[in-house]
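1. sequence-free structure coming up:
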């Protein structure tokens, strides 16, 4: 009779959807945070490579100043970035080490509310970059603009960020 050592099954990945205006942080290596179908919205990821703490926010609009209605912390670029950094810090992440990446900010409509000077996608991308600068953070990479939707994922175990365009292949960001 031979003895065998039981093998450990790797932790099963848990996909967590980050919806409109939501902010999610995690230190669980099995988590994959996903913002699905980003059009003019921005999916911003942050990751501390030392503590393996990461997060994502699904930014809908550039500035909270344009609204008389409050919303979730992640709704506006100017409130989303400070809230995301705060939540990552509360879990033990160090803001000085955060690797920041973003995707989205497309112009989904050629006319009406999505086009011209009201291009929300472009304004969102600009506002997120400005909010990162105010927070003292640097954007490592981005895939923004265009006229197509994207899905962005961050794998908490590794900090890997991937982007998939509608009908396209998955690319590392």
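-> Received, thanks. What you see is a predicted model; the values in this text were computed from it and never measured. Numbers count the residues shown, from 1 in each chain.

2. what distance do you get for the residue sitting nearest the centre point of the chain to residue 58?
-> In the chain, the C-alpha nearest the mean C-alpha coordinate belongs to residue 44, at 2.8 Å (CA atoms, centre = their mean). As defined by CB to CB, to the nearest Å, residue 44 lies at a distance of 8 Å from residue 58. All C-beta atoms are positioned from the backbone trio N, CA, C, and that covers glycine.

3. now residue 172
-> Going from residue 172 to residue 58 by CB to CB gives 20 Å.

4. what residues are bridge-paired with the residue nearest to residue 56 when sequence neighbours are not counted?
-> With CB to CB, 6 or more residues apart in numbering as the criterion, residue 56 has its nearest non-adjacent residue at 4.3 Å, and that residue is residue 33. Under the criterion DSSP bridges, residue 33 forms beta bridges with residue 16, residue 154.

5. per-residue confidence at residue 33?
-> Residue 33 is assigned a pLDDT of 98 by the prediction.

6. OK, contacts around it?
-> If a contact means CB atoms under 8 Å, 6 or more residues apart in numbering, then residue 33 has 16, 18, 24, 26, 45, 54-56, 153-154, 156 as its contacts.

7. run the last query once more with 7 Å
-> Each residue near residue 33 by CB atoms under 7 Å, 6 or more residues apart in numbering is listed here: 16, 18, 24, 26, 56, 153-154.

8. return the member of those residues nearest to residue 129.
-> Checking these against residue 129 with CB to CB, the nearest one is residue 56 at 16.7 Å.

9. that closest one should be in a strand, yeah?
-> Yes: judged by DSSP: H, G, I helix; E, B strand; the rest coil, residue 56 forms part of a strand.

10. wait, doesn't it sit right on residue 16?
-> No: counting by CB atoms under 7 Å, residue 16 is not a contact partner of residue 56; they are 8.7 Å apart.

11. now residue 126, nearest residue through space, not along the chain?
-> Take residue 126 and drop its neighbours on the chain: the residue closest to it by CB to CB, 6+ apart is residue 62, 7.1 Å away.

12. what is the subsequent helix or strand relative to the lowest-mean-pLDDT helix or strand in the chain?
-> For the chain, using mean pLDDT, DSSP states H and E, the weakest element among its helices and strands is strand 14-17, scoring a mean of 94. Sequence order places strand 23-26 as the next helix or strand after strand 14-17, per DSSP states H and E.

13. and that following strand, which strands flank it?
-> On the basis of DSSP bridges, the sheet neighbours of strand 23-26 come out as strand 53-59 (antiparallel).
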